[in-house]
Structures are given as C-alpha cells and as structure tokens.
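*Asks:* Compute the structure for the input listed below.
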Amino acid sequence: MHTLLIVNSSPRSNSVSRRLTRHVAEQWTAHNPDGRVIERDLVAEPLPFLTESWIEASTTPAAQQTPEQQQALALSDTLIEELRAADVIVLGVPMHNFSIPASLKAWIDLITRAGKTFSYSDKGPQGLIPEGKQVLAIVSRGGSYAEGTPAFAADFQVPYLRHMLSFIGLKSLTVIEADKQAFGAEVAQQSVDNAVNKLSALSESCNAQLAASS
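*Replies:* A predicted model of the protein is given here:
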C-alpha cells in the first residue's frame, strides 16, 4: 500500500496552493484506491515553535530522556514517522514576504532533528530520510522569480525548501510554480492552468513508477 503525505500551509481555505494540492490528492486517490493519504493541515492544526525544553530533549540521548522530555518530542516523532511512511510528499507553499509561511517553518523545525533525520560526520551532514521518496512543492506567489530576472535574488522560498529538504535526505524535489497571481485575473488563471497540466503529467509518471515498484 502506497502512502501520500500532503502538507498545506496556506491560511486561506481556498487558496491557489490548496486547490492544487487537492488536485493532486484527487488524482492520487483515483490511481491508488487502496492507498493511504495523510493530510497535515498546518493552519487547522497549528504546530508549536521550538522551545528551550524541546531543544534540551532533542539533544538528550534517548536512553536518558525523562518522561517529560519524551512527551516534548512526541509530536516531532509523529511528524517524522509521517514523513518516513510517505512514498510521495506534496507541499502546498504560498510565498509569504518572499519566503515560506511561519507554519511551514515550524513543521520543518520539528522534522529536522539530529540523529533522527540528519547526522554529522567527518564528511559533513548526511540526511537520514530513506532515499526514493518523491517530493512535490507547489509554490504560489504574486510575482515571477525566474532565474535571470531581478526578482530572482528575492526568492527565499524555493532555495530554502531545496536546501532544507535535501539536508534531511529528500533530494528528489520537483517544484511546480503557480506564479504571477498579482498580474491580473487572466494571467493568474493561465499560470494555475499550466500548473494543473504539469501536475497531471507528474501524477501519471509518479503513479507509473509506484506501480512498477510494487
């Protein structure tokens, strides 16, 4: 049984990114009727920010953790298990102030744990999430931040996602942009339609790969 993990971070209930993640979920369900879908809505169920007690717990060896420290890490453990269980991970990511929403940053902070999802050695950092997972980041934004344009330097959304996901081992990342949402209704809809077409093609390819590996 294959598993899809969807992580939504837009505060708007019918945002562009949420509409596109729903499209992916519908296609996934149609091709994987017996599959499992894990939906993590970071707005409906907000995650806490890191605290001093959480940091102390996460840096304490498991055998030495107190019951209180284990409880402090319980949510992080759950989020990491969701990540490990997923064959395909879909992130709905609107651009907020040139970067990602605070809710998604909280999720990333909770899944980025030394000894759990990354480690350090004499060769540098190593991601510990198993290879082979497909990650799809659906990014929506008002402008266009294509490489080579003046706005490219202000994109702290996609480069950050690429770095952090790769850091924990998720190196197979595909970014689908629904940009130019502030360029007028016609241009905005055209961008969404292009994103839908790309997502449909990716879904077909991904489902074929999963079927072949079963």
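
*Asks:* In the chain, which residue is most central in space?
*Replies:* Among the residues of the chain, the one closest to the centroid is residue 91, at 3.6 Å (Cα atoms, centre = their mean).

*Asks:* Just the CA atoms of the one helix or strand that one maps to, as PDB, please.
*Replies:* Here residue 91 sits within strand 88-94, counting by DSSP states H and E. Provided in PDB are the C-alpha atoms of strand 88-94 (Å, rounded to 0.1, in the frame of the first residue of the first chain):
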ATOM      1  CA  VAL A  88       5.100  10.800  -2.200                       C
ATOM      2  CA  ILE A  89       5.200  14.100  -0.300                       C
ATOM      3  CA  VAL A  90       3.300  17.100  -1.500                       C
ATOM      4  CA  LEU A  91       3.800  20.600   0.000                       C
ATOM      5  CA  GLY A  92       1.400  23.400  -0.600                       C
ATOM      6  CA  VAL A  93       3.600  26.600  -0.200                       C
ATOM      7  CA  PRO A  94       2.400  30.100  -0.700                       C
END
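
*Asks:* Parallel or antiparallel, list what pairs with that strand.
*Replies:* strand 3-8 (parallel), strand 134-140 (parallel) (DSSP bridges).

*Asks:* Sketch out the strands for this structure, chain order is fine.
*Replies:* 3-8, 36-41, 88-94, 118-121, 124-127, 134-140, 173-178 (DSSP state E).

*Asks:* In JSON lines, list the ones you listed along with distance to residue 204 and mean pLDDT.
*Replies:* (C-beta placed from N, C-alpha, C; glycine too.) What follows is these, written out as JSON lines (distance: least, Cβ to Cβ, whole Å; pLDDT from 0 to 100):
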{"stretch": "strand 3-8", "distance to residue 204": "15", "mean pLDDT": "98"}
{"stretch": "strand 36-41", "distance to residue 204": "18", "mean pLDDT": "97"}
{"stretch": "strand 88-94", "distance to residue 204": "13", "mean pLDDT": "98"}
{"stretch": "strand 118-121", "distance to residue 204": "32", "mean pLDDT": "92"}
{"stretch": "strand 124-127", "distance to residue 204": "28", "mean pLDDT": "92"}
{"stretch": "strand 134-140", "distance to residue 204": "13", "mean pLDDT": "97"}
{"stretch": "strand 173-178", "distance to residue 204": "13", "mean pLDDT": "96"}
